[in-house]
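**Q** here is the input, now give the coordinates:
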Amino acid sequence: MRPQKLTRSAIVLAKSMVLSRCLLAVGVLFLPTFAAEAQTVTPFSYFTTLTAAERASSQIKVTYMGPQLAGLPSPIFHASNEAPNAELFVPFHHPMDGEASYANDSAGGSPVPVAADSIQAMINSVSGISALTDGGTTADPDDAFVALSIVVRLPVWRGFDSVLTRSETVGVVAQLRSALVNEPEALRVHDEFACIVGMSDPMRPVDVTSSVTIQVSGVRPDLATGHFVGTAKVTNSSATSIPAPISLILELPSTLRLVNDSGRTCPGGKPFVTLDTTLGPGAVANFSLVFSNPDLDRMAVAPKLLAGPGTR
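**A** As a prediction, this is how the structure comes out:
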């Protein structure tokens with residue numbers, strides 16, 4: 001669901017309600033316990049050459065500040081051995097006037113672990129975007145769309161924060177996506193966030209369902225997990241190759257959930273599984289499927305296949 005266009009008065013009211021509910025729900029959970037005062041922001045250039053120890057204690061947060069009717073949890077990409085902590089970012093935040101704020105940091109967050117080297121790759125991917133690296137904020141606070149924040153905890157606590165307009169955010173989202181291609185779970189969180197704020201990759205894959213046969217078989221209970229497992233066999237029945245990556249999209253009843261999905265379509269929210277493989281004429285690809293079916297309903301699925309790069 002994309003953010004709806006609202007009148008300014010409606011946005012103010014909605015944001016006030018969201019912020020009040022968040023604060024009531026979390027109490028003092030997200031209030032800084034050790035650094036209430038603002039800290040000096042470190043220049044972005046410092047973070048482009050972090051040491052191994054610094055990368056291992058790093059986190060990156062993306063906060064949505066645009067119009068909304070409900071809280072949108074802020075993705076926090078943290079080094080695998082570093083506990084995600086929204087408090088660490090607070091002293092480096094820009095003071096915000098008007099409607100924009102960091103209130104979405106209190107909406108529960110979407111923490112996702114990544115390799116320390118992926119943190120560095122994310123930082124370096126946006127190093128050429130001057131609107132970000134200057135560490136500033138928007139001229140008009142009401143134009144604030146996204147804030148990107150970085151913290152390094154060891155050996156010295158350092159932080160960076162930049163507030164961007166909608167147009168400035170487009171390139172940042174695209175570059176972060178390119179840096180996360182080898183981090184499936186982080187890529188899923190990134191893409192779901194981008195979908196909700198209307199920043200999905202404009203490139204779209206091709207629907208090649210008419211060029212393949214799809215057989216879902218072997219669905220059975222897995223007694224070890226309580227889930228159901230099965231396989232979808234996809235055969236290229238055409239005379240031409242189908243480009244990678246290929247994604248099997250599943251239309252499922254509300255009582256079924258695909259546990260091992262690679263993400264959800266935007267828009268639509270349908271689960272899919274992706275394989276990074278090309279299907280030549282007559283070639284076969286097997287997709288492993290894991291379902292949650294607590295009500296033991298009939299396993300009815302309606303699959304289709306998308307191929308090539310772009311937002312699913």
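**Q** angles on the backbone of residue 43, please.
**A** Here is the backbone geometry of residue 43 (degrees, to the nearest 10): phi -60, psi 150.
**Q** burial of it, as a residue count?
**A** 12 (other CB atoms under 10 Å). Just so you know, the C-beta spots here come from the backbone N, C-alpha and C atoms, and that holds for glycine as well.
**Q** what's the closest non-adjacent residue to it?
**A** Nearest residue to residue 43, sequence neighbours excluded (CB to CB, 6 or more residues apart in numbering): residue 135, at 7.0 Å.
**Q** tell me the SS of residue 47?
**A** Secondary structure, DSSP: H, G, I helix; E, B strand; the rest coil: residue 47 is helix.
**Q** do you know how far it is from residue 222?
**A** Look at residue 47 and residue 222: by CB to CB, to the nearest Å, they are 43 Å apart.
**Q** so for these two, which residue has more residues nearby?
**A** The neighbour count for residue 47 versus residue 222, taken as other CB under 10 Å, is higher for residue 47 (25 against 12).
**Q** please tell me I have it right and that one contacts residue 150.
**A** Yes. If you go by CB atoms under 8 Å, residue 47 and residue 150 touch, sitting 5.5 Å apart.
**Q** list residues touching both of those two?
**A** 58, 123, 160 (CB atoms under 8 Å, 6 or more residues apart in numbering).
**Q** save those as CSV, and put in pLDDT, secondary structure and neighbour count too.
**A** Formatted as CSV, the shared contacts of residue 47 and residue 150 follow (pLDDT from 0 to 100; DSSP: H, G, I helix; E, B strand; the rest coil; neighbours: other CB atoms under 10 Å):
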residue, pLDDT, secondary structure, neighbour count
58, 98, strand, 25
123, 98, helix, 24
160, 98, strand, 23
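**Q** need the residues you listed in CSV with distance to residue 295, can you?
**A** Below are the shared contacts of residue 47 and residue 150 laid out as CSV (distance: CB to CB, whole Å):
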residue, distance to residue 295
58, 43
123, 45
160, 48
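**Q** and after the strand or helix carrying residue 59, which helix or strand comes next?
**A** Element membership of residue 59, judged by DSSP states H and E, is strand 58-64. Where DSSP H and E defines the elements, the next helix or strand beyond strand 58-64 is strand 75-79.
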